[in-house]
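Undergrad: Predicted model and sequence follow; I will ask about them next.
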Amino acid sequence: MAGPVANWVLPVRRWAYRQAGTTSATLSDAGITDPMLRRRLSPLARLALSAAVGCGPLPPACRVVYASQHGEIQRTTQMLEALARGEPPSPTAFSLSVLNATPSVLSIARNDRSAINAVSAGDDTLGYALLDAWSQHRESPDAPVLLIHAFEPPPACYGPTARHIEDVGSALAILVDNEASGQLTCTMHLPSGASAYAESRTQSDSLVTSLLGGGPNLWRGERHHWRWEWHEDAQHEHV
């Protein structure tokens, strides 16, 4: 592995992880009180908002970095299949299929007009989202940043490009704030020599391993290798 391209440290106040099909994901509230809006949420959006609420209580004003490699791929695929049948797409489904739809729902529910960035960068999506969150925190360290990473595996109909199809949906939320309970060190490296395609596990699997166990974890990708190292205050725990 070549030397680091970038290295940064995020002060983390709280983090939360949700996975489809688990008790925590099933029982956790997405924090949306409007019943009509809540019914429109996809399973991925519910996971993402549940993780966000798990980092609460959130500050009244909180910038958001929303990251998703495939976005609402299940909803998008359903619309494409409907178009193939000659059926017009639902305006509601279309409006909630864009990448920034889920954080926008959170913004409406919280009446928070803080900035929202949406990030999608292939297998490196989570790493670049962490870099974006750090950049925003460095510019305005007194304003918290909520990073939400939502992953939904693509349907098998996408063929060889549909990697991770056996994985389940998941969401990771990290609240970056000066009132931190721990520190997350992130390092991006260039691969040295020939590099195999990104390993079978996702970046979020690698990062959650570090967050749960403490210490470092390395994720090897086609374009970059990423290393995370989590140091937690013993008085604080995740949700």
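TA: Yep, that arrived. All values derive from a computational prediction rather than experimental measurement. Residues are numbered from 1 along each chain as shown.
Undergrad: In which helix or strand does the residue located most distally from the centre of the chain reside?
TA: Here the centre of the chain is the reference, and by CA atoms, centre = their mean the most remote residue is G86, at 33.8 Å. Counting by DSSP states H and E, no helix or strand carries G86.
Undergrad: From P155, how far off is it?
TA: Distance, G86 to P155, using CB to CB, to the nearest Å: 21 Å. Glycine gets a C-beta too; all of them are placed from N, C-alpha and C.
Undergrad: before we move on, back to that, would you mind measuring from the residue farthest from the centre of the chain to D177?
TA: 50 Å.
Undergrad: Also Q19?
TA: 24 Å.
Undergrad: can you check T202 too?
TA: 25 Å.
Undergrad: Number of residues surrounding P88?
TA: Residues near P88, counting by other CB atoms under 10 Å, number 9.
Undergrad: secondary structure class for it?
TA: Secondary structure, DSSP: H, G, I helix; E, B strand; the rest coil: P88 is coil.
Undergrad: Kindly indicate whether the residue lying closest to it once chain neighbours are set aside is helix, strand or coil.
TA: Excluding the flanking residues, the one nearest P88 by CB to CB, 6 or more residues apart in numbering is A82, at 7.6 Å. What three-state DSSP gives for A82 is helix.
Undergrad: gap between A82 and R75?
TA: 11 Å.
Undergrad: cool, P60 as well?
TA: P60 is 31 Å from R75, by CB to CB.
Undergrad: okay but V105 is in contact with R46, surely?
TA: No. The pair V105 / R46 is not scored as a contact, 10.3 Å apart, by CB atoms under 8 Å.
Undergrad: Tell me where the chain has strands.
TA: 4-19, 63-67, 116-119, 145-151, 170-176, 182-189, 215-220, 225-232 (DSSP state E).
Undergrad: So for the closest residue to L172 other than its chain neighbours, what pLDDT did the model give?
TA: Setting aside the residues directly before and after it, L172 is nearest to H149 in space (CB to CB, 6+ apart), at 4.6 Å. Model confidence at H149, given as pLDDT, is 97.
Undergrad: H149: neighbouring residues, count only.
TA: When neighbours are counted by other CB under 10 Å, H149 registers 28.
Undergrad: OK, contacts around it?
TA: Counting by CB atoms under 8 Å, 6 or more residues apart in numbering, H149 touches A67, S68, T125, L126, A129, A171, L172, A173, S204.
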